[in-house]
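J.: sequence first, predicted coordinates after that:
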There are 2 protein chains.
Amino acid sequence: MSVARARIHALDTYDIRFPTSREHDGSDAMNPDPDYSAAYVVLRADGLDAAGRPLAGHGFAFTIGRGNEVQVAAIEALRAHVLGRDVDELCADPGSVSRALIGDSQLRWLGPEKGVMQMAIGAVVNAVWDLAGKRAGKPVWQLLADAEPEWLVGQIDFRYIADALTPDEALALLRAGREGAAERAALLREHGYPAYTTSPGWLGYSDEKLTRLAKQAVADGFTQIKLKVGADLSDDVRRFRAARAAVGPDLRIAVDANQRWNVPEAIEWVNALSEFEPYWIEEPTSPDDILGHAAVRRGVAPVKVATGEHVQNRIVFKQLLQAGAIDILQIDSARVAGVNENLAILLLAAKFGVPVCPHAGGVGLCELVQHLSMFDYVALTGTTEDRVIEYVDHLHEHFVDPVRMGAGAYLAPEAPGFSARMHDASIATYRYPDGTFWVEDLRQHEGV
Amino acid sequence: MSVARARIHALDTYDIRFPTSREHDGSDAMNPDPDYSAAYVVLRADGLDAAGRPLAGHGFAFTIGRGNEVQVAAIEALRAHVLGRDVDELCADPGSVSRALIGDSQLRWLGPEKGVMQMAIGAVVNAVWDLAGKRAGKPVWQLLADAEPEWLVGQIDFRYIADALTPDEALALLRAGREGAAERAALLREHGYPAYTTSPGWLGYSDEKLTRLAKQAVADGFTQIKLKVGADLSDDVRRFRAARAAVGPDLRIAVDANQRWNVPEAIEWVNALSEFEPYWIEEPTSPDDILGHAAVRRGVAPVKVATGEHVQNRIVFKQLLQAGAIDILQIDSARVAGVNENLAILLLAAKFGVPVCPHAGGVGLCELVQHLSMFDYVALTGTTEDRVIEYVDHLHEHFVDPVRMGAGAYLAPEAPGFSARMHDASIATYRYPDGTFWVEDLRQHEGV
């Protein structure tokens, strides 16, 4: 059968940039002017998918503008590891790609397991999972939830985490997670997975816009919103007061400092906001500062400490859990080395009993990460209690299978794959610097 | 005066690769076949240096082959921050470049402060220090040792480390370090700074070669050597026995696992080698695993724990010190964000009383890092006790001001600058893929 011998015949990359800085979308205390971007990769395979389109796996790294070309170069450096790979073998064992990419001894020097190379690996590994979902005719959350626990354990790299989580412990967690999975899958399809929204809280928005969007969030059924803080304390007090007035006393309001503070400053600032009852403080300080997060957590309780969108790998997450440094673990679909590493992180969180509330937004991060939380609910922890996925309502229109929201919840994706594919028209428009938008933009700036 | 208005008019990059894998130079348990490489950068300034050559600052990131082009792309992404800068202002405050590069909010997303972007920043910042040394007519170690403590404190970014080291504490350390500095500078010029050698211990070398090189190390006056370990325990026992027999009972033999192990495995393996009295175990596990290093240290005492060549920034070093995870701190000249961040790390080590024994080798790492240890001796800690700089005796011939060795010691550089400049002929030969060596190599492999 010819399909059985299908191979990956191309790895194509695209530098996609959206001019989001012009509306202050995504602005926070550390990122005043992000241009949300994607280093986008397509693994082109022989044969057709179920819809009769050329079979392909899609993935990306998310960046915020400048340097997206460096991220693209890093993905290009991985080409030799996937070109010519047998598609069936690849889909039967995405972990084989993950191991090959992480294990490349020369490329490893550029991390190891962090920064630009780590995100590049994540993009390619996630593209393989997208391909695997399409081949199996299942959305990735379901592919994972249906998989045998033994197979899932085989997808995980236990190097550097075996002192906190052994393969046997992981297997036991996954076996326990299967009990009642079919019922939970049905509930998920009916109600979706809870979300919170960051849309009201960008630092660059006026108080009026904040108030209007906060009220809209309540009307849309969200039970939690998030505000960016950390640039100016008196501004934060004023904005938090406006938000609290808009949503009432009961709705959870998280705050996010985007790594703005030193440890003592973090404690002082959060305590100065305590009258408005922040639910969690996110990224109070450097994502590398495990002991610092532990100190902040002791200093701001009962406000919870959350972090993870810039945590580079399972090894740092392991320590955040070992040190009792966080109340909320925030996975990101495109920061670490893809689905395989996120499986390890979900299992670590389950072992330590810490809820996972994913980071999302950016370009396509909502589309990807929903699959991981839904797997976690259906076939690992079995609960959505105190768990919410971040939701930001922009740029979804560029995706072929965009997230679908119910009342404050992500509805379960039904299309096969990882929801990672962008529209061809979006690529043609926002490819940098030669997409039609950027060509026109340059023309206008040059006054031609 | 025209010199006073000199500006940086070009940032040029070069992808330089040496075919070191063919001799197993540099082979260890995680890096079996490195091709030592440099992403090399030249900041070209208006005017001439003291020798009448066009004024320029040289810097580089060290990689081990594949992906060097990604590293070059990352340096290219920094161009806008240095092009057109006033050379006098730049040399008067290299920290201004350091802050601009680390603070670029869009590029920051690609780290933050780690991986490819961090090394790119290090390359450019070090090139600025090279330029500053040339303008001042001093080697960088002397430029630093002569600088006012207040100015040095102003060169340091205390963000994320102020909970462990305040600017006032740094100032006090630097002021105390100046006492007797002139006498120590004279001693340094006479005797040099102690070194140890890794040349005998590469994993790919035969026992015969190991024995021969270990004896040579003793003859050359080294009081410490290092062996790579971690691939196979019985091999390690045999090689360690041969090394101990070659050098006698008193010479210090350090071992280096290059991140090969999980925590429990590290403890077991090191204890299995204890009969040969390893002096330190280097990189027993992931460089990100602060708590893991602390556990290893408790498990292998009195063998010392050393790490740092892959530690990404001052924040991780801070925690290694706070957690009591290391006995020896190993700075690397080209892994973190350049001289400015290494000043912070040297001060943290001084505050915690932990000796610094730099990582070197690679391409030009010996040339750079000697300046930092010599500054530390002359004007910060004032001692070389239990301190040695790693030395590996290859690739120095490609540098215009190569390291000069006395009896087991680095002799103090005398040429102005950071010893970072490569010979034009070396660049023309080993530039990848269009240098004469690589063109000829390709021709031979294609059998033309």
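T.: Thanks, I have it.

J.: residues near the residue of the stretch 1-150 of chain A found nearest chain B, how many?
T.: Here the stretch 1-150 of chain A gets closest to chain B at one residue, A:Gly115, 1.8 Å apart by CB to the nearest CB. No exception for glycine: its C-beta is placed from N, CA and C like everyone else's. Applying other CB atoms under 10 Å in any protein chain shown, we find 27 residues neighbouring A:Gly115.

J.: what of A:Ser206?
T.: 11.

J.: can you check the pLDDT for the residue of the stretch 1-150 of chain A closest to chain B?
T.: Note for A:Gly115: predicted pLDDT of 98.

J.: that one contacts B:Lys114, correct?
T.: Yes: counting by CB atoms under 8 Å, A:Gly115 does reach B:Lys114; the two are 4.9 Å apart.

J.: what's the overlap in contacts for the two?
T.: Taking CB atoms under 8 Å, 6 or more residues apart in numbering or on different chains as the contact rule, A:Gly115 and B:Lys114 both touch A:Gln312.

J.: measure the residue nearest to A:Leu227 when sequence neighbours are not counted to A:Ala242 for me?
T.: Distances taken as CB to CB, 6 or more residues apart in numbering or on different chains put A:Gly201 closest to A:Leu227, at 3.8 Å, once the chain neighbours are dropped. Distance, A:Gly201 to A:Ala242, by CB to CB, to the nearest Å: 11 Å.

J.: who in the stretch 101-250 of chain A is up against chain B?
T.: Within the stretch 101-250 of chain A, the positions near chain B by CB under 8 Å from any CB of the partner chain are A:104-119, A:158-163.

J.: and with 10 Å instead?
T.: Counting by CB under 10 Å from any CB of the partner chain, the stretch 101-250 of chain A comes close to chain B at A:103-120, A:158-164.

J.: and if you look at the stretch 301-448 of chain A?
T.: A:310-316, A:318-320, A:322-323, A:335, A:362.

J.: what count of nearby residues applies to A:Pro433?
T.: A:Pro433 has 12 nearby residues by other CB under 10 Å.

J.: before we move on, what SS does it have?
T.: coil (DSSP: H, G, I helix; E, B strand; the rest coil).

J.: thought A:Leu442 was touching it, still the case?
T.: Yes: between A:Pro433 and A:Leu442 there is a contact under CB atoms under 10 Å: 7.1 Å.

J.: hmm, back to that, quickly check the residues of the stretch 301-448 of chain A next to chain B for the two that are furthest apart.
T.: A:Gln322 and A:Gly362 (28.7 Å; CB to CB).

J.: show me the contacts for A:Ala350.
T.: A:165, A:169-170, A:173-174, A:176-177, A:356, A:376, A:380-382 (CB atoms under 10 Å, 6 or more residues apart in numbering or on different chains).

J.: redo that, cut-off 7 Å
T.: A:173, A:380-381 (CB atoms under 7 Å, 6 or more residues apart in numbering or on different chains).

J.: between those, which is nearest A:Glu283?
T.: A:Thr381 (23.4 Å).

J.: how many neighbours does that closest one have?
T.: 22.

J.: shouldn't A:Ala344 be within a strand?
T.: No: assigned with three-state DSSP, A:Ala344 falls outside any strand and is helix.

J.: how close does it get to A:Leu78?
T.: 20 Å.

J.: now swap in A:Gly47 and tell me
T.: 22 Å.

J.: neighbour-wise, which of those two wins?
T.: Neighbour count, other CB under 10 Å: between A:Gly47 and A:Leu78, A:Leu78 has more, with 25 against 14.

J.: could you give the angle of the longest helix along chain A to helix B:115-136?
T.: Longest helix in chain A, counting residues (DSSP state H): helix A:115-136. Using axes from the mean of the first three to the mean of the last three CA atoms, to 10 degrees, the direction of helix A:115-136 lies 160 degrees away from that of helix B:115-136.

J.: against which helices or strands is the helix or strand just after helix A:115-136 packed?
T.: Downstream of helix A:115-136, the first helix or strand assigned by DSSP states H and E is helix A:140-146. Packing partners of helix A:140-146 (3 or more CB pairs under 7 Å, 6 or more residues apart in numbering or on different chains; DSSP states H and E): helix A:115-136, helix A:365-379.

J.: please redo it, this time with the cut-off set to 8 Å
T.: Applying 3 or more CB pairs under 8 Å, 6 or more residues apart in numbering or on different chains; DSSP states H and E, we find helix A:140-146 packed against helix A:115-136, helix A:181-191, helix A:339-352, helix A:365-379.

J.: centre of the chain versus whatever helix or strand A:Ala306 lives in, how much separation?
T.: Per DSSP H and E: A:Ala306 is located in strand A:304-307. With CA atoms, centre = their mean, to the nearest Å as the basis, strand A:304-307 stands 16 Å off its chain's centre.

J.: other residues contacting it?
T.: Here strand A:304-307 has contacts from A:254, A:279-284, A:287, A:293, A:296-297, A:320, A:325-330, A:357, using CB under 8 Å, 6+ apart.

J.: and stretch A:424-440, by the same measure?
T.: A:14-19, A:37, A:40, A:68-69, A:397-398, A:442.

J.: quick one: low-confidence ranges for the stretch 51-200 of chain A?
T.: For the stretch 51-200 of chain A, no stretch has pLDDT under 70.

J.: how about 80 then?
T.: A:51 (pLDDT under 80).

J.: any regions of the stretch 201-350 of chain A where pLDDT drops low?
T.: Using pLDDT under 80, the stretch 201-350 of chain A has no residue that qualifies.

J.: what is the burial count for the residue nearest to A:Ala50 when sequence neighbours are not counted?
T.: Distances taken as CB to CB, 6+ apart place A:Gly137 nearest to A:Ala50, at 5.7 Å, with adjacent residues excluded. For A:Gly137, the tally of surrounding residues (other CB under 10 Å) stands at 13.

J.: try A:Arg5
T.: Neighbour number of A:Arg5 under other CB under 10 Å is 11.

J.: could I get the one helix or strand A:Asp88 maps to in CSV with only the CA atoms?
T.: Using DSSP H and E, A:Asp88 maps to helix A:87-92. The C-alpha coordinates for helix A:87-92 follow below in CSV (Å, rounded to 0.1, in the frame of the first residue of the first chain):
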residue,chain,number,x,y,z
VAL,A,87,5.2,9.0,8.1
ASP,A,88,3.7,5.9,9.7
GLU,A,89,6.7,5.4,11.9
LEU,A,90,6.7,9.1,12.8
CYS,A,91,3.0,9.1,13.8
ALA,A,92,3.4,5.8,15.7
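
J.: and the next element down the chain from that helix?
T.: Next element after helix A:87-92 (DSSP H and E): helix A:94-103.

J.: and that following helix, what does it pack onto?
T.: By 3+ CB pairs under 8 Å, 6+ apart, helix A:94-103 packs against helix A:79-82, helix A:87-92, helix A:115-136, helix A:339-352.
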